[in-house]
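1. Need a 3D model of the sequence below.
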Amino acid sequence: MSKLSLLLAALIMAVMPGAVVLSVHAQTYTDLHDFNAGAGEPYNFNVTRLAQACDGNFYAESNSGGNGNGTVAQISPSGSVNVTLNFNGTDGSNEVGGMTLGTDCNLYGNTWSGGTSGQGITFKITTAGVETPLHNFTNTGDGNNPANALILGNDGNFYGTSNGTETIYRVSPSGTFKTLHSFGITFGGGQLSWGSDGNIYGGMNDGGTSNFGFLYKMTTSGTVKVLHNFTGTDGAIGSPGMTQASNGLFYGTGQQGGTSNAGVVFKISSAGVYTLLHSLNGTSDGKQALVLLLATDGNFYGEAVQAGTGNCGTIFKVTPAGAFNVIYTFDGTHGCTPSGYLSQNTDGKLYGLTTAGGAHGNGTFFSLNLGLAQFILLQTTSGKVGSKVGILGQGFDSTSVVKFDGVTATTKTLTGTTYITATVPAGASTGYVTVTTGATTLTSTQKYLVHNSWGSGKAMPVALFAPAATGVINNKIYVVGGFTMTSVIANSQIYNPTTNSWSAGAAIPTTTADGASAVVNNILYVFGGSQDGTTVTNAVWAYNQVTNTWSSKAAMPTARASAAAVVKSNIIYVVGGTDGVNRFNTVESYNPATNTWTTKAPLLVGKSEASVGLVGTTIVAADGYTSSMDTGDNEGYNSSTNAWSALTSDPTPRHEACTGSTGTALYLAGGSNNSGTSLSLTESFSVTSNKWTTLTSMPLAVTFPGSAIDTGLLYCFGGSDRNSQFQGNVYNYVQIYQP
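-> Numbering: from 1, shown residues only. Here you go, the predicted model:
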């Protein structure tokens, strides 16, 4: 948080009395409440985020009012104001940053000063005004002067920044506190946000290679990576932080810098590719841009504190492509000097606060109606069947029906008209949550991720089993070749998980099924297999997505089918396999950079159709068909010592399963057992515990499906109900497992 932001409380602009409704380009701005310090009302909501609570009201911290130490105020969407807590200094003072709603329906926030050491506190408060200090800052390793709104993690903890000495910390709802990282910069830090990768993203006002601040990401354990150093011309003072869009990119603002030193709007990838989208001109655009809100129309909305044609700041819109447009200019009469955050209520409208203007010069509470539809907001976005989920919205009653991806929740509890808790029902899978009340259906802004559950994707154009290859390139999954009911094919079918759609790619040069495959540097490699369903091959093919072409590579030393491939440090290991009679213990590694092969230590037990994956640093080769049929054999390979060692055998032996590793566990679904029966069993294996865990069974029992892991999900493509070619049924189903 910048020193300049701390002075917002002192910026009082000349105003005229009165409040009206203004319509600008189909956006309706309404001045809902003019704060009146003379009447004892709270005022000076400094860099404040409004939090919509379970009771349907907003809650915010004011820096002034009450007995002089600030307040927590309840503000209804219609503009009624009620003070729920007057800080007394000992329990906090000089509130900055705003409130965050917890899953317990309590509010969590910070005060800049006050507390037992006078250096600020993190606290929680009920909607009735009962406050509990969670941590008193002392500047002895924990920083001081906490500011900016807390963010709630999937682990149930809150993450925030203390700014006197810039520190990022974690605090539990019960007050367990831990410092995660200290930058050693004074007044340097800003607002944090979550990325879909589970990392925390933020920006600094000071420091960096040019001392204009920088952008960074941090793991939840405190490891920081700098993504971009501001130079001044491309922005400065990054305290507003960043917000991630559906395209995976982060959008944010610099309060200063740019062509007019009035602030900038930018986008940046998680890898640090930075793009300057717009430099505010310091006049009609406004000056000193603050935090961006991603609204339900997919666009970003933000505020500029100063300038604008009314010299009171602006509200602007930014599209994901970077188009910038001022949609409202504050005029003083109905508000001046916006205070940082816009919030979108579940009624679809945007709401915000100003620190000045209005009838009394003490600021306003306003709404901006963009014509966006009502929606529901989930308090948690992931859990297992049986988890309770809090849902915020509008117009709920006892007849409201809650569904998780179309499956009705039979257990729910209604609290008023704005809050429902529902239990994730059996059979639910990852998808959007809906609440239907009468003829109105409201949909969640995010999908609810149901752990240990199965979902489905669009059916494959061509049904098959035992494909030659399955691999992920740039979030598209390639399913190449395979057996149909009657033949071996060369088709390349491409599945896009984002759009749930299929397209076609260049066919592999020869019909191939039952190969091994891996992807290195966005090139898909196919090893061996059978071109006619009888004779095995040692051919190696490489597919280039950019050119949509195939090329031949150095042949594999051992011709085989039903092998498995895994990548470690850009080297591909091809494990096991068969010539149709013998089960091989052969392990050969391929280096794509040199197009060369190396023989490695053999498996302890020769087998084909094994489930192979990299778990941590260990290559695991589980199950598979051996000379003794299915034994559940399980082995781990250490590439540093070139040695295999025995691991705990699978208690339910099988082969031909759908397989993938998330890096922490190996997952197996379906396959076939010694009797030739196709299975629906799903299991995981942990190298750390050396244990197997039984999971939710896949909906359709299949053997020999294609397998791929993408964004943490296990995809199973096609498969058969028999483990022999050209027999039984062949499927085009796409079954998706969420660990």
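2. residues contacting the closest residue to Ser117 other than its chain neighbours?
-> Setting aside the residues directly before and after it, Ser117 is nearest to Thr138 in space (C-beta to C-beta, 6 or more residues apart in numbering), at 4.7 Å. C-betas here are computed from N, CA, C, even on glycine. For Thr138, the contacting residues are Ser117, Gln119, Asn144, by C-beta atoms under 8 Å, 6 or more residues apart in numbering.
3. Which of these fall within strands?
-> The members of the contacts of Thr138 all map outside strands under DSSP state E.
4. Can you check the pLDDT for the residue nearest to Ser117?
-> Thr138 carries a pLDDT value of 95.
5. Am I right that it is in a strand?
-> No - Thr138: not assigned to a strand; according to DSSP: H, G, I helix; E, B strand; the rest coil it is coil.
6. How much space separates it from Val519?
-> Thr138 is 51 Å from Val519, where distance means C-beta to C-beta, to the nearest Å.
7. Determine the longest strand present in this protein.
-> strand 440-450.
8. what's the nearest residue to Asn325 if we skip its chain neighbours?
-> Closest residue to Asn325 apart from its sequence neighbours, by C-beta to C-beta, 6+ apart: Lys317 at 4.9 Å.
9. what do you get for Thr510?
-> Leaving aside its chain neighbours, Thr510 sits nearest to Gln531 (5.1 Å; criterion: C-beta to C-beta, 6+ apart).
10. Ramachandran coordinates for that neighbour?
-> Phi and psi for Gln531, reported as degrees, to the nearest 10, are phi -90, psi -20.
11. Now that we're looking at it, what pLDDT does it have?
-> On the pLDDT scale, Gln531 gets 95.
12. Could you verify my assumption that it touches Thr512?
-> Yes - counting by C-beta atoms under 8 Å, Gln531 sits close enough to Thr512 to count as a contact (5.6 Å).
13. what sits in contact with each of these two?
-> Val488, Thr537, Ala539.
14. Which residues are in contact with the second one?
-> The reference is to Thr537. Each residue near Thr537 by C-beta under 8 Å, 6+ apart is listed here: Thr512, Gly528, Gly529, Ser530, Gln531, Ala559, Ala561.
15. Can you name the two of those that sit furthest apart?
-> For the contacts of Thr537, the maximum inter-member distance is 12.6 Å, found between Thr512 and Ala559 (C-beta to C-beta).
16. okay, those two: which has more neighbours?
-> Per other C-beta atoms under 10 Å, whichever of Thr512 and Ala559 has more neighbours is Thr512, with 27 against 16.
17. Spit out the contact partners of His451.
-> His451 neighbours (C-beta under 8 Å, 6+ apart): Ser382, Gly383, Lys384, Gln738, Pro739.
18. out of these, who's nearest Ala565?
-> Closest approach between these and Ala565, by C-beta to C-beta: Pro739, at 21.6 Å.
19. Can you tell me how far the closest one is from Leu449?
-> 10 Å.
20. One more: Phe584?
-> 40 Å.
21. Check His228 too.
-> To Leu449, His228 is 30 Å away according to C-beta to C-beta.
22. which ones are touching the residue most central in space within the chain?
-> Residue closest to the average C-alpha location in the chain (C-alpha atoms, centre = their mean): Ser196, at 1.9 Å. Listed by C-beta under 8 Å, 6+ apart, the contact partners of Ser196 are Gln244, Gly248.
23. So for the residue with the largest distance to the centre of the chain, what's the pLDDT?
-> Using C-alpha atoms, centre = their mean, the residue of the chain lying farthest from its centre is Val581. It sits 47.2 Å away. At Val581, the model reports a pLDDT of 95.
24. for the one 4 residues further on, same thing?
-> Model confidence at Asn585, given as pLDDT, is 98.
25. Provide the secondary structure category for it.
-> Relying on three-state DSSP, one would call Asn585 coil.
26. my guess is it contacts Leu603, does it?
-> Yes - at 4.0 Å, Asn585 counts as touching Leu603 under the criterion of C-beta under 8 Å.
27. Please say which of these two ends up with more neighbours.
-> Higher neighbour count among Asn585 and Leu603: Leu603, with 22 against 19, using other C-beta under 10 Å.
28. Contact partners for the more buried one?
-> Taking C-beta under 8 Å, 6+ apart, we find Leu603 in contact with Val575, Gly576, Asn585, Thr586, Val587, Ala621, Glu635, Trp644.
29. Can you tell me which of the residues you listed lies closest to Leu681?
-> When the contacts of Leu603 are ranked by distance to Leu681 (C-beta to C-beta), Ala621 comes first, at 18.6 Å.
30. hmm, back to that, save the contacts of Thr537 as a markdown table, and put in secondary structure and distance to Phe685 too.
-> What follows is the contacts of Thr537, written out as a markdown table (DSSP: H, G, I helix; E, B strand; the rest coil; distance: C-beta to C-beta, whole Å):
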| residue | secondary structure | distance to Phe685 |
| --- | --- | --- |
| Thr512 | coil | 29 |
| Gly528 | coil | 25 |
| Gly529 | coil | 26 |
| Ser530 | strand | 29 |
| Gln531 | coil | 33 |
| Ala559 | coil | 30 |
| Ala561 | strand | 24 |
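31. who wins for neighbours among these?
-> Gly529 (34 neighbours).
32. Could you find the closest non-adjacent residue to it?
-> Going by C-beta to C-beta, 6+ apart, Gly529 has Gly515 as its nearest residue, at 3.0 Å.
33. For that neighbour, report the pLDDT, please.
-> Listed pLDDT for Gly515 reads 98.
34. same check, this time on Ser2
-> 37.
35. Mind putting the shared contacts of Gln531 and Thr512 into JSON lines with distance to Ala289?
-> Below are the shared contacts of Gln531 and Thr512 laid out as JSON lines (distance: C-beta to C-beta, whole Å):
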{"residue": "Val488", "distance to Ala289": "59"}
{"residue": "Thr537", "distance to Ala289": "60"}
{"residue": "Ala539", "distance to Ala289": "57"}
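36. follow-up on the earlier one: alpha carbons of the longest strand of the chain, as PDB, please.
-> Provided in PDB are the C-alpha atoms of strand 440-450 (Å, rounded to 0.1, in the frame of the first residue of the first chain):
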ATOM      1  CA  THR A 440     -36.100 -18.200 -11.700                       C
ATOM      2  CA  THR A 441     -32.800 -20.200 -11.900                       C
ATOM      3  CA  LEU A 442     -29.600 -18.600 -10.700                       C
ATOM      4  CA  THR A 443     -26.200 -20.100 -11.600                       C
ATOM      5  CA  SER A 444     -22.900 -19.900  -9.800                       C
ATOM      6  CA  THR A 445     -20.100 -17.800 -11.200                       C
ATOM      7  CA  GLN A 446     -17.700 -20.700 -10.700                       C
ATOM      8  CA  LYS A 447     -17.800 -24.500 -11.100                       C
ATOM      9  CA  TYR A 448     -17.900 -26.500  -7.900                       C
ATOM     10  CA  LEU A 449     -15.100 -29.000  -8.000                       C
ATOM     11  CA  VAL A 450     -16.300 -32.400  -6.600                       C
END
